[in-house]
Each structure stands twice: as C-alpha cells, then as structure tokens.
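Enquirer: The sequence and its predicted three-dimensional model are supplied below.
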Amino acid sequence: MGNVHFISIGGSVMHSLAISLKKIGYNVTGSDDKLYEPSLSRLKSHGLCPDSIGWNPNNINNKLDFVILGMHAKEDNPELLKAQDISLDIYSYPDFIYKVSKNKTRIVIGGSHGKTTITSMILHVLKYNNINIDYVLGAQLDGFENTVSLSDENEFIIIEGDEYLSSPIDTLPKFHKYKPNIALISGISWDHINVFDTPQIYSEQFSSFIETIVDGGILVYNESDSTLKDIVYNNKSFIRKIEYNLPDYKILNNKIFINSDEGNIPLNIFGKHNLFNLEGARKICSFIGVFDADFYNSISSFNGASKRLQVIYNDKDNLLIRDYAHSPSKLTASVNAVSETFANFFIICVFELHTFSSLNIDFINQYSGTLHNCDLPIIFIDKENKKLDSTNSINDEIIAKAFGIKNLIIINNSNNLYNYLISMDYKNTCLLLMSSGNFGSMSIDKLKFHISNGN
C-alpha cells in the first residue's frame, strides 16, 4: 500500500484514520506533542503510539510515500518543514479522504449542528440492514470499533463534513474538499468566530459547499432553517434539492414516538432537533436503498452518538445527561429537548465556556436566552483553559449580562463545581452537562456514582 507519516496523529479523526490505514495495509507512523484519551489508548492498542512525545524531523525521509498533516500542528512544525524541503506529498485528512474516494459515491453531511448525529443515525441503520459502507465520523458510535473505515470494495462513503479549516497550511474548509454526489445540510448558525469573523462570512462557506456538489447530484436540506432556505433558493447549481422538516410526533411518559405509516415508532433519542436529524437521515438512507419501513424498524434502537444528549444514568428519580453542546444554537436545542421531554423533572444545566468563540467578549452575547428553559443554570469556566490568555478580559459580570438570567451561578474551579453538584438533593432531578471540553478535571464517573447511590 505505502508508507505514511501522520503529523499530529492524536486528533479525533487523525488517529482513527491512522488505524484504518494500518488495517488495510499501509505502514503507518505518527507524531504529536500531546496525546489525550481516548486517542492515546487506541493508538497503543494498534501499535501506533509514538515512541516519544514531540516533533522530530528525523521522522521524515524519502522512504515515505506521503504525509498527512493535522490541524493541531503549526506552520513552523519541524516535521512539516522537512517534508516540504524534500518535496514529499502533503495531504490534509480531507484531501486524503477525497483522494481515496474519487471512484465512490460520496455522501457528505454538513451543518452547524447535528451532523455527527445524522451520520451516526445513517450508519446505525445501514449496519442494522447489513449494508456495508465506508465512513468518516466525528464521534464514537456503539457497535463501531473505529470512527473511520476505508475499503476498496464498498460503493458508498459517508463523510461528516466539518466546516473548519483543513490544515495549518490550507485554510479551505474541510467540507469544500469532498465534491459530494449527495450532500445534506442540517442548518446554519454562526460558529468558529476565530476563523469566520461575521455570520455572513460563515454562511458563505455553506453556499460554497453547495457549489462543490457534482452536477446532477442531490442536496438534502432542513427547510425550517431560514438562512439555509434562502441560500438554497438562490443557488443555481444543476442539482436536485430535496427538503425535510419536523416529523409528526408525541411525547408519552418521557418518551418520544414518531407517528408514521408504520404506526407509532418509539425512540431512544429525544428533542426536536434530533427529530429533524432523523428526517434528514431517513432521506439519505432512501438514496442508499433503505425503505422507510426498514429505516423506522432500525432507528428505534438508536441510542445516539457519544456525548450527544447521551443518557449516562437514568432511574425513576434522576437523570444524568452528557452533551457536546457548545454553540448558542446547540445549547438552545439541547436545553429545550430536555425541558420538553422531561418536563416533570427539576432541570439543572451546567454549561462550560470552553471554545474560542464562547470565550470571546464580542460573541458571548449570542448566548442570551439559551439557558432560560432550565430551573438551575450554571456556567463553568476553567481558569486553567489555555484559550484564556492575558488578553482575554471576559469576567463574571460580562458572562452574567450575556446570559441574562437572574439565578445564574458561575463557577471557575472544577473542584468547586464537583462539590457544588454533589451537595444537591437529587430527587426527581435531571442534570444536563454540556461542553465540548471536560469540565476541567471533574470526574463524571464520580458524579454518576454519587447520584446513583442516593447522594
């Protein structure tokens, strides 16, 4: 197959791609200056963990066929400079994914929110129906050993299409690389303010994404999103445009049922945004050959992607839910999903300000109203977060004003957060933890143990 070296092998997709390439016969090496779980353990289990932490230009030589460069590396990375000096082929991972999927039917799932869940739903349904497909997914999914799978024989590949930059030397958004035959956009809500200065610039990335769909291809889109609907309406590409919307549903005893031609379908997921996601997934599955009856029969057992409204603990009195929500739209959707489905519970919401955007004093006002539908809102900000440098002037007063809630609690130490949470009386209570980070060093397992053992 060939020899490949990964610069910044520890990334969530990078390490999974490295594992996938080793499985299909590549000789794989890699390096990184930091390795975190679960990447560290997974690389070790596949014999791909670097011998030492850090960058070493001696890792780069003419025996390599190419290098795959991760976003975590910098432009002055010594391994990257060596690769450029000896004229090695250098790919970002989206460049490489396109290279190996040119002869496949490429399905790309994009959107500011929901793309991981929609991709996971599709993969769950296809596995249930014994349909094999290549894939690139952004989160771990039950029943799938790896989040990347590549082969020579499968006709389709489904790719979670991230709008963030491709690599330190390639500022094109990842999802502009794939040239999909079939694409889905779940919605548009301004994010990644450190890259896209205005909502208009951010939205333009999705307009450009639509332009990359091959002539005669298909765009599936969420018609309820007005920004997206306008972009689709103004697009003149030679493609089919197929909308989806919210399905008919009802909530009985804290459980959602979809009203379909197949009857009332019980779901293990909840929230209106997940029902939109389900409809998008159903449309895509139909193009792969899955009939609606088979889709509904399969989706009823879908439990969600990792950290996407993931129920960690559930008994008749208490719920502990972990969610990846970090942007305003995601936060609103998650809080509303929990408040609607578990209306009879006392709802505590803990949100960590973790991303560059959420810690930006010019962006934080976008969070106004996002936590209004919970009973006890808590903001956690880790003072050890490296995104908080000496120039960041965000403080408790700015945070409180931005969220606009009188009973808002702000905590900036993980030990204090843990002690505060375990001091509560968990009776008929839902605790929703939302972050793209890890709440500092707080142990979710210890918190779960405390709640599950009657405090």
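Expert: Received, thanks. Every value quoted in this text rests on a predicted model; they were computed, and no experiment measured them. Numbering: from 1, shown residues only.
Enquirer: contacts and neighbour counts: CA atoms only from here.
Expert: Will do.
Enquirer: Without its sequence neighbours, what residue ends up closest to N77?
Expert: Leaving out its chain neighbours, the residue that sits closest to N77 by C-alpha to C-alpha, 6 or more residues apart in numbering is W55, at 7.5 Å.
Enquirer: Need the residue closest to the centroid of the chain.
Expert: T116 (4.8 Å; C-alpha atoms, centre = their mean).
Enquirer: after the helix or strand hosting it, next one along is what?
Expert: Assigned by DSSP states H and E, T116 falls within helix 115-128. Sequence order places strand 134-136 as the next helix or strand after helix 115-128, per DSSP H and E.
Enquirer: if we can go back for a sec, show me what contacts the residue nearest to the centre of the chain?
Expert: 137-139, 160, 305 (C-alpha atoms under 8 Å, 6 or more residues apart in numbering).
Enquirer: Now with 7 Å, please.
Expert: 137-139, 160 (C-alpha atoms under 7 Å, 6 or more residues apart in numbering).
Enquirer: cool, and G216?
Expert: With contact taken as C-alpha under 7 Å, 6+ apart, G216 is in contact with 238-240.
Enquirer: still on that earlier bit, roughly how far out does the helix holding T116 sit from the chain middle?
Expert: 13 Å (C-alpha atoms, centre = their mean, to the nearest Å).
Enquirer: What residues sit buried inside it?
Expert: Residues of helix 115-128 classed as buried: 115-126 (neighbour count, 16 or more other C-alpha atoms under 10 Å).
Enquirer: Just give me the longest helix of this protein.
Expert: Scanning the chain for the longest helix, with DSSP state H as the assignment, gives helix 272-288.
Enquirer: Hmm, I68 and Y93 touching each other?
Expert: Yes. Assessed by C-alpha atoms under 7 Å, Y93 is found in contact with I68 at 6.2 Å.
Enquirer: right, and the secondary structure at I242 would be what?
Expert: Secondary structure assignment for I242 (DSSP: H, G, I helix; E, B strand; the rest coil): strand.
Enquirer: Please tell me how far it sits from T227.
Expert: 16 Å (C-alpha to C-alpha, to the nearest Å).
Enquirer: what does V108 give?
Expert: 20 Å.
Enquirer: on that earlier part again, can you say which of the contacts of G216 are buried?
Expert: By 16+ other C-alpha under 10 Å, those give I239 as buried.
Enquirer: with the contacts of G216 in mind, which one is nearest to I451?
Expert: Nearest to I451 among the contacts of G216 is R240, at 50.1 Å by C-alpha to C-alpha.
Enquirer: Distance from the chain centre to the helix or strand encompassing I231, please.
Expert: Under the criterion of DSSP H and E, I231 resides in helix 226-234. Taking C-alpha atoms, centre = their mean, one finds helix 226-234 lying 23 Å from the centre of the chain it belongs to.
Enquirer: Kindly report the same for stretch 176-185.
Expert: Computed by C-alpha atoms, centre = their mean, the chain-centroid distance of stretch 176-185 equals 17 Å.
Enquirer: Ok, stretch 364-380 next?
Expert: 21 Å.
Enquirer: which residue sits closest to I269, ignoring its sequence neighbours?
Expert: The nearest residue in space to I269 (C-alpha to C-alpha, 6+ apart) is N303, at 6.1 Å.
Enquirer: burial measure for P57, as a count.
Expert: 13 (other C-alpha atoms under 10 Å).
Enquirer: same thing with N373?
Expert: Neighbours of N373 (other C-alpha under 10 Å): 18.
Enquirer: Next, the contact list for it, please.
Expert: Applying C-alpha under 7 Å, 6+ apart, the residues contacting N373 are 335-336, 339.
Enquirer: Which one (most neighbours) among these?
Expert: V335 (24 neighbours).
Enquirer: Name all residues that make contact with that one.
Expert: Each residue near V335 by C-alpha under 7 Å, 6+ apart is listed here: 371, 373-374.
Enquirer: which SSE is L219 in?
Expert: Assigned by DSSP H and E, L219 falls in strand 218-222.
Enquirer: isn't the residue nearest to N77 right up against K34?
Expert: No. Counting by C-alpha under 7 Å, K34 is not a contact partner of W55; they are 10.2 Å apart.
Enquirer: who has more neighbours, the two?
Expert: Set side by side, W55 and K34 show more neighbours around W55, with 18 against 13, by other C-alpha under 10 Å.
Enquirer: where does the more buried one land on pLDDT?
Expert: Listed pLDDT for W55 reads 98.
Enquirer: re earlier: which parts of the longest helix of the chain are buried?
Expert: For helix 272-288, by 16+ other C-alpha under 10 Å, it's 272-285, 288.
Enquirer: and it, what does it pack onto?
Expert: Applying 3 or more C-alpha pairs under 7 Å, 6 or more residues apart in numbering; DSSP states H and E, we find helix 272-288 packed against helix 115-128.
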